[in-house]
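Visitor: dropping the sequence and predicted coords here.
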Amino acid sequence: MGTHHPQLEALQSEIESATARAQRLAIDCSDKHFVSKPGDSIWSVAECIEHLNITTREYLPLIDNALDTATATSHEIPKAYRQDLIGRLLTWMMEPPYRLKMKTTAQFIPATALDKDEVIRRFMELQSQLSTRVDRCSGYNLSSIQITSPFNEKARYSLYSAFCILLAHERRHLWQAEQILYLVKG
C-alpha cells in the first residue's frame with residue numbers, strides 16, 4: 001500500500017478490519033455452526049458472508065469502469081472527500097445495529113449449500129481485490145466520480161460514497177453474522 005490521501009488510508013483500515021472479523025468468525029465457528037440458521041427467515045453465518053462476496057463481486061467492475069472513464073477534473077484532489085446525500089443516507093442505514101431491515105434483491109441472495117473454507121477464501125480474495133481498487137483511487141477526486149448502484153439502477157452516488165456504503169454494508173452483515181453465531185452456539 002503506497003502513500004494515499006488520509007481517507008483512502010481509512011478505507012484500507014476498514015477493509016483490513018472487516019477481513020480480520022471474518023477470519024475470527026471462521027475460527028470461532030464450526031462447520032456446522034457456519035451453516036446453521038437460528039430461524040426460517042434468518043440467514044446463517046455462511047449466507048451473511050457469501051452475500052458480502054456477491055455484493056463486492058458486483059461492485060468491483062463498477063469501480064473499475066468509474067475509474068476508467070474518469071475525466072480530467074476527477075484528478076483535482078480535495079483536502080477531504082465528501083459523501084453525497086444518498087451516500088450519507090445509505091451509509092447511515094447500513095451501520096449496525098441496523099435501524100431498518102431491508103430485503104435484498106434476488107441476485108444478491110446467497111446459495112444455501114456453502115462450504116466454510118470456500119466462502120472465507122472468496123471473502124479474503126475479494127477483500128484483497130477491493131483493497132487494490134482503493135490503491136488505484138490515489139490521484140482521483142472520488143467525490144466527483146459517479147457510480148450507479150448495483151442494487152438499484154436509478155440510484156447514483158459518488159465513488160467515495162460507494163466505498164463508504166460497501167464498507168458499512170460489510171460491518172452490518174459481519175455484525176449480523178456475529179449475532180447469529182451467538183444464537184446457534186446457544
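Guide: Now that the structure is in, tell me what you want to look at. The model shown is predicted, which means the values in this text are computed figures rather than measured ones. Numbers count the residues shown, from 1 in each chain.

Visitor: list the buried residues of stretch 146-162.
Guide: For stretch 146-162, the neighbour count (16 or more other CB atoms under 10 Å) marks 146-147, 149-151, 157-162 as buried. No exception for glycine: its C-beta is placed from N, CA and C like everyone else's.

Visitor: those in strands, which ones?
Guide: Among the buried residues of stretch 146-162, DSSP state E puts 146-147, 157-158 in strands.

Visitor: helices of this protein, residue ranges please.
Guide: Counting by DSSP state H, the chain has these helices, from start to end: 6-28, 31-35, 45-68, 85-94, 116-136, 159-185.

Visitor: pull out the buried residues from the fifth one.
Guide: This points to helix 116-136. If you call a residue buried by 16+ other CB under 10 Å, then helix 116-136 has these buried ones: 116, 119-120, 122-123, 126-127, 130-131, 133-134.

Visitor: residue 4: which of these is nearest?
Guide: When those are compared for distance to residue 4 (CB to CB), residue 134 wins out at 7.8 Å.

Visitor: count of neighbours near the residue nearest to that closest one when sequence neighbours are not counted?
Guide: The shortest distance from residue 134 to any non-neighbouring residue, by CB to CB, 6 or more residues apart in numbering, is to residue 11 (5.0 Å). Burial measure for residue 11: 25 neighbouring residues, criterion other CB atoms under 10 Å.
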